[in-house]
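*Asks:* mind folding the following:
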Amino acid sequence: MFELHPRLAADCFDVGTLPLCQLLLMNDGRFPWCILVPRIAGLRDLHDVPHDRRIDLFDEIERVSKALEHLGPTDKMNVAALGNMVPQLHVHVIARTTTDAAWPGPVWGVGTAAPYPDPGPRLGELRRHLKL
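*Replies:* Numbers count the residues shown, from 1 in each chain. Purely as a prediction, here's the structure:
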């Protein structure tokens, strides 16, 4: 049975459910940053995704990437599945700009997270664009 890893639940807001993945918003307003978590128990790495669901995952990455592009200017869309801190397979989709706090490096470990004072507007924008 699928269960969201406690670290993801603590660090993110629930945006909604896509056909394959649970969609989360990272609680760091410095970066438009979503996380896709396939709702299949026991997945650790991308190659663990069942063959018949891989295109679904890619389609959802594309869908979320396009939604993030609509939220504001984007110079580069970062998509990554690291899993060094959280072993449950999850895919980061982060809209980057050349003026963001971490550019040109990765966002992990740069500065201090800036929690959303009110995530409602950002969650609403994502839900509207993704029709959730």
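*Asks:* helix/strand/coil for the residue most central in space within the chain?
*Replies:* The chain has Ile35 as the residue nearest its centroid, 1.8 Å off, counting by Cα atoms, centre = their mean. Per DSSP: H, G, I helix; E, B strand; the rest coil, the secondary structure class of Ile35 is strand.
*Asks:* check contacts around it.
*Replies:* By Cβ atoms under 8 Å, 6 or more residues apart in numbering, Ile35 lies in contact with 8, 12, 23-26, 90-93. (Glycine included, C-beta is placed from N, CA and C.)
*Asks:* of all those, which comes closest to Arg44?
*Replies:* Of all those, Arg44 sits closest to His90, with 10.2 Å by Cβ to Cβ.
*Asks:* going along the chain, name the helices of the protein.
*Replies:* 6-11, 54-71, 120-130 (DSSP state H).
*Asks:* dump the ones you listed into JSON lines; add mean neighbour count, mean pLDDT and distance to Ile40 as well.
*Replies:* As requested, the helices of the chain are exported to JSON lines (neighbours: other Cβ atoms under 10 Å; pLDDT from 0 to 100; distance: least, Cβ to Cβ, whole Å):
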{"stretch": "helix 6-11", "mean neighbour count": "14", "mean pLDDT": "98", "distance to Ile40": "15"}
{"stretch": "helix 54-71", "mean neighbour count": "17", "mean pLDDT": "98", "distance to Ile40": "10"}
{"stretch": "helix 120-130", "mean neighbour count": "15", "mean pLDDT": "98", "distance to Ile40": "20"}
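*Asks:* Val110: which of those helices is closest?
*Replies:* helix 6-11 (15.4 Å).
*Asks:* can you list contacts of the closest one?
*Replies:* Residues outside helix 6-11 that contact it (Cβ under 8 Å, 6+ apart) are 24, 26-27, 35, 37, 85-86, 88, 90.
*Asks:* again, only this time at 7 Å
*Replies:* Here helix 6-11 makes contact (Cβ atoms under 7 Å, 6 or more residues apart in numbering) with 24, 26-27, 35, 37, 85-86, 90.
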